[in-house]
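Novice: Here is the input, now give the coordinates:
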Amino acid sequence: MEYQPIEDYGVIGNLHTLALVGKNGSIDWFCFPRFDSPSVFAAILDVRKGGYFRICATNGDIVQKQMYWPDTNVLVTRFLSADGVGEVIDFMPVGAERAFDGIIRQVKVMRGTMKFRMECRPAFNYARDKHAAEIVTGGARFVSPKLSLALGSQVALQPSSEGVLAEFALQEGQSTTFELHAVGSDRDQDRLGLSEEQSDQLFCDTIQFWRQWISKCTYRGRWREMVHRSALVLKLLTYQPTGAIIAAGTCSLPESLGGERNWDYRYTWIRDAAFTLYALMRIGFTEEAKQFAAFLDARCHEMEPEGSLQVMYGIDGRHALTEETLDHLEGYKGSRPVRIGNAACRQVQLDIYGELMDSLYLYNKYGDPISYDLWRYLRRLADWVCQHWEEKDEAIWEVRGGKRQFVYSKLMCWVALDRALRLANKRSFPADWEPWTATRDRIFEAIMQRGWSDKRDAFVQQFDGDALDASTLMMPLVFFVSPTDPRMLQTIDAINRPPDEGGLVSDGLVFRYDVEKTPDGLNGTEGTFNLCTFWLVEALTRASRSDPSRLNDARLLFEQMLGYANHLGLYAEQIGHRGSALGNFPQALTHLSLISAAFNLDRYLDGRDKAPAD
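Specialist: Residues are numbered from 1 along each chain as shown. Sure, this is the predicted structure:
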């Protein structure tokens, strides 16, 4: 096996975990039973040791195609050859009953005769635990010290190295099914596999679940298909028991090949909160927004005695996310180290308080009124911001080269106090009006004086610095400045230049900063950051009130960016120099920002931009 491009994967899931399925029919990433559980298949991080579950056609010269069943997260991988056409339908049954906890792979032939090879070779606990593979009636069992799985099969299996395999042929109209699930479920243990009737019913139920869910989407704009796909991705990244949304479905996929920028994104960042609640509520998913708001509420109840919060939490709300390296795995295409856990949870990132306060302000405005008990915690957070906003931190990009005076962090401290004041006024909550207002105004003046560079004619990354940072594009989006303020227009223009002219944009794609001019404590370079490109779209969109030509630029940039999605409409975190996907996949912030950009771009194109969409 060879490493597949990151963009060659689709994703399936059941709101507890997910799996990546390559165009070659191989499941190369699967953690069970939760997103943040140890991996069972991790060939995407080590093709030799990581483990995989592959079903592919072997008829010779094969053309592979992959698509989603319309309006669902049911994935179809199709194999076309001179001998016929076959396909593998992959899904994880989903619904309140969770009648089947695992992966179902239906193999079908529509034309001619197709030969297939199935090989299931798990590697439990990130390939650290040994296991025994046993062929039994109706399939096989894989038994490891901490987890055991069963593979139901309607075709005869034979042993292979640390796994099982089967080679079989199907004729037109024939089908067979493989099911991977936990041993010890409530199902009859004497029968590992499902009947054809059971498998078909679960398929129909899963199709119906996803169709009913996406039908709640209220977006009817120009880019409906891409917005729907982004919404379906966000739902896949949701942990149903708590409402938490993970940042991405994988860990340690590199931001630069061969480099060390490899992180575990299977956790929930406070930073993502505002983007999440805004995007979900704007397109009609109020229940998901409510569940995520409840997750944030619970974290506020767990704040530190002095009033601070962690940067991120586990999907169950846990605080300990100990980072470790898996030195026995080579990493995607040799990109070491492979990391699990995330030490950034202990960093100081002052911006999270603005994002949290903004998200709950939006939820109070467009969702349900927040409780007085929650307000008591938010009041403590606002007091904490007043006391600590002048400190250095690691900020939004989670640098590992030391704390600094990042402008974006000061911006979001301003947002925290501004939204606290708005909430208190809106709900007549008791508030510390004078110190909050005075501190908010001090932050504003500091950003205008020290966060602005006369040399660059732009807002910059750090106080008293000259280096650009794409995070300043958020200023008009959070109503710190008018989108048509001359300083903001100059900042947009400064960023929207190619790197060799001092900007951050390469053919419409935006770097978050210049790693050569602003070292972040890590070796190597990185690709353009998808989130930042959608931020530029929004900044241009809002700036078009004073210059209509910017609206045309925003639309062209947005539609160009849509072309960088993979064949299924999915995005990783970054786009490499060759146009390939980099970073963890699929990434929630990218899809959230796509929804926000599409929503607001539609409003402006339709002439509905008189009142800001805050």
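
Novice: By residue count, which helix of this protein is the longest?
Specialist: Using DSSP state H, we find that the single longest helix of the chain is helix 407-427.

Novice: hey, C-alpha coordinates of that one in PDB?
Specialist: C-alpha atoms of helix 407-427 as PDB (Å, rounded to 0.1, in the frame of the first residue of the first chain):
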ATOM      1  CA  VAL A 407      -3.300  42.000  18.500                       C
ATOM      2  CA  TYR A 408      -5.900  39.400  17.900                       C
ATOM      3  CA  SER A 409      -5.900  38.500  21.500                       C
ATOM      4  CA  LYS A 410      -6.500  42.100  22.500                       C
ATOM      5  CA  LEU A 411      -9.200  42.400  19.900                       C
ATOM      6  CA  MET A 412     -11.100  39.400  21.400                       C
ATOM      7  CA  CYS A 413     -10.600  40.800  24.900                       C
ATOM      8  CA  TRP A 414     -12.400  43.900  23.600                       C
ATOM      9  CA  VAL A 415     -15.100  41.600  22.200                       C
ATOM     10  CA  ALA A 416     -15.500  39.900  25.600                       C
ATOM     11  CA  LEU A 417     -16.200  43.100  27.400                       C
ATOM     12  CA  ASP A 418     -18.300  44.600  24.600                       C
ATOM     13  CA  ARG A 419     -20.600  41.600  24.500                       C
ATOM     14  CA  ALA A 420     -20.800  41.400  28.300                       C
ATOM     15  CA  LEU A 421     -22.000  45.000  28.300                       C
ATOM     16  CA  ARG A 422     -24.500  44.300  25.500                       C
ATOM     17  CA  LEU A 423     -25.800  41.200  27.300                       C
ATOM     18  CA  ALA A 424     -26.200  43.000  30.500                       C
ATOM     19  CA  ASN A 425     -28.000  45.800  28.800                       C
ATOM     20  CA  LYS A 426     -30.200  43.500  26.800                       C
ATOM     21  CA  ARG A 427     -31.200  41.400  29.700                       C
END
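
Novice: Give the other helices and strands that it contacts.
Specialist: The elements that helix 407-427 packs onto, with contact taken as 3 or more CB pairs under 8 Å, 6 or more residues apart in numbering; DSSP states H and E, are helix 351-366, helix 372-388, helix 433-450. Any C-beta I mention is one placed from the backbone N, CA and C, and that applies to glycine too.

Novice: Could you say which of the ones you listed is packed most deeply?
Specialist: Greatest average neighbour count among the helices and strands packed on helix 407-427 goes to helix 351-366 (a mean of 24), per mean count of other CB atoms under 10 Å.

Novice: Please produce a markdown table containing the helices and strands packed on helix 407-427, extended by distance to residue 332.
Specialist: Below are those laid out as a markdown table (distance: least, CB to CB, whole Å):
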| stretch | distance to residue 332 |
| --- | --- |
| helix 351-366 | 29 |
| helix 372-388 | 38 |
| helix 433-450 | 39 |
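
Novice: To residue 607, which of the ones you listed lies closest?
Specialist: Among the helices and strands packed on helix 407-427, helix 351-366 comes nearest to residue 607, with 22.1 Å by CB to CB.

Novice: what angle sits between that closest one and helix 407-427?
Specialist: Interaxial angle of helix 351-366 relative to helix 407-427 (axes from the mean of the first three to the mean of the last three CA atoms, to 10 degrees): 30 degrees.

Novice: quick one, domains of the protein?
Specialist: Annotated domains of the chain cover 6-188+195-214, 224-605 [automatic domain parsing].

Novice: Now do the same for the first one: mean pLDDT, whole number.
Specialist: In this model, domain 6-188+195-214 has a mean pLDDT of 94.

Novice: What is the end-to-end distance of that domain?
Specialist: 26 Å (CA to CA, to the nearest Å).

Novice: let's number from 54 now, not from 1
Specialist: Sure thing, new numbering starts at 54, so read that last one as domain 59-241+248-267.

Novice: Give me the distance from it to the chain's centre.
Specialist: Centroid separation between domain 59-241+248-267 and its chain, computed with CA atoms, centre = their mean, to the nearest Å, is 22 Å.

Novice: cool, and the last one?
Specialist: With CA atoms, centre = their mean as the basis, the distance from the averaged C-alpha position of domain 277-658 to the chain average is 12 Å.

Novice: Residue 643 versus residue 624, what's the distance?
Specialist: For residue 624, the distance to residue 643 equals 4 Å [CB to CB, to the nearest Å].

Novice: quick one, which of these two is more surrounded?
Specialist: A count of neighbours by other CB atoms under 10 Å puts residue 624 above the other of residue 624 and residue 643, at 30 against 27.

Novice: how near is that one to residue 324?
Specialist: When distance is defined by CB to CB, residue 624 is 18 Å away from residue 324.

Novice: Likewise for residue 259?
Specialist: From residue 259 across to residue 324, the span is 32 Å (CB to CB).

Novice: picking up where we left off before, same list (the helices and strands packed on helix 460-480) but as a markdown table, adding mean pLDDT.
Specialist: Listed next are the helices and strands packed on helix 460-480 as a markdown table, based on pLDDT from 0 to 100:
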| stretch | mean pLDDT |
| --- | --- |
| helix 404-419 | 94 |
| helix 425-441 | 97 |
| helix 486-503 | 98 |
